[in-house]
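Chemist: fold the following for me, if possible:
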Amino acid sequence: MNSRMKWLGYIFLVLGIIFFLENLNVFLLNWSLYIILAGIALFLGFFLNRELSVFLLPATILVIYGALFFYCQVTEWQKLETLWPALLIAPGLGFVLLYILKKDTNKYLFPGGILLLFGLLFFLRKIQYIKYWPLIIIITGIVLLVRYYTQKSKKAES
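Modeler: Residues are numbered from 1 along each chain as shown. Next comes the predicted model:
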């Protein structure tokens with residue numbers, strides 16, 4: 001029996017015990033904790049076998065979504081209007097983790113960065129005491145356009 005089968009056996013054993021004890025009303029788990037447990041199991045799978053890097057993205061998404069849903073259930077879903085950018089940040093962070101831990105490719109950095117950027121921007125949008133932050137985006141856009149057109153005109157001259 002290889003080590004993957006052994007660890008899969010442990011995972012099934014622990015999950016079976018948790019579900020059985022819950023069915024016997026020994027304890028009750030919040031449904032969002034199952035999402036977190038699934039994400040943790042995928043992280044464990046990756047850390048036990050580094051070849052399973054495909055587990056990183058769903059693991060990150062499940063853990064962050066599970067934590068978000070758990071918090072929203074505790075606060076009776078009143079904070080979801082403010083916290084929804086976490087739905088963008090979770091896959092973005094998953095892509096960045098893939099980029100960091102799977103060093104042979106750069107293709108994960110761009111989508112991860114874009115999702116993280118948009119998620120953070122939408123979080124910042126709700127913060128009242130820094131309401132002028134969009135000026136940074138406007139200035140960045142102007143700088144990028146000026147650089148583009150000055151480089152374009154230099155190429156045209158030469």
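Chemist: shaky segments in this protein?
Modeler: 1, 3-4, 104, 126-131, 133, 158 (pLDDT under 70).
Chemist: domain assignment for it?
Modeler: Per the record, the chain has its domains at 3-126, 132-158, by automatic domain parsing.
Chemist: Ile139: neighbour count?
Modeler: Applying other C-beta atoms under 10 Å, we find 10 residues neighbouring Ile139. Just so you know, the C-beta spots here come from the backbone N, C-alpha and C atoms, and that holds for glycine as well.
Chemist: pull the CA atoms of stretch 87-103 into PDB?
Modeler: What follows is stretch 87-103, C-alpha atoms only, in PDB (Å, rounded to 0.1, in the frame of the first residue of the first chain):
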ATOM      1  CA  LEU A  87     -15.100  36.000  -3.100                       C
ATOM      2  CA  LEU A  88     -12.500  37.600  -5.500                       C
ATOM      3  CA  ILE A  89      -9.600  37.500  -3.100                       C
ATOM      4  CA  ALA A  90      -9.900  33.700  -2.400                       C
ATOM      5  CA  PRO A  91      -9.200  32.500  -6.000                       C
ATOM      6  CA  GLY A  92      -6.600  35.300  -6.400                       C
ATOM      7  CA  LEU A  93      -4.800  34.100  -3.300                       C
ATOM      8  CA  GLY A  94      -5.000  30.500  -4.600                       C
ATOM      9  CA  PHE A  95      -3.300  31.500  -7.900                       C
ATOM     10  CA  VAL A  96      -0.600  33.400  -6.000                       C
ATOM     11  CA  LEU A  97       0.000  30.300  -3.800                       C
ATOM     12  CA  LEU A  98       0.300  28.200  -7.000                       C
ATOM     13  CA  TYR A  99       2.800  30.700  -8.300                       C
ATOM     14  CA  ILE A 100       4.900  30.700  -5.100                       C
ATOM     15  CA  LEU A 101       4.800  27.000  -4.400                       C
ATOM     16  CA  LYS A 102       5.000  25.700  -7.900                       C
ATOM     17  CA  LYS A 103       8.100  27.500  -9.100                       C
END
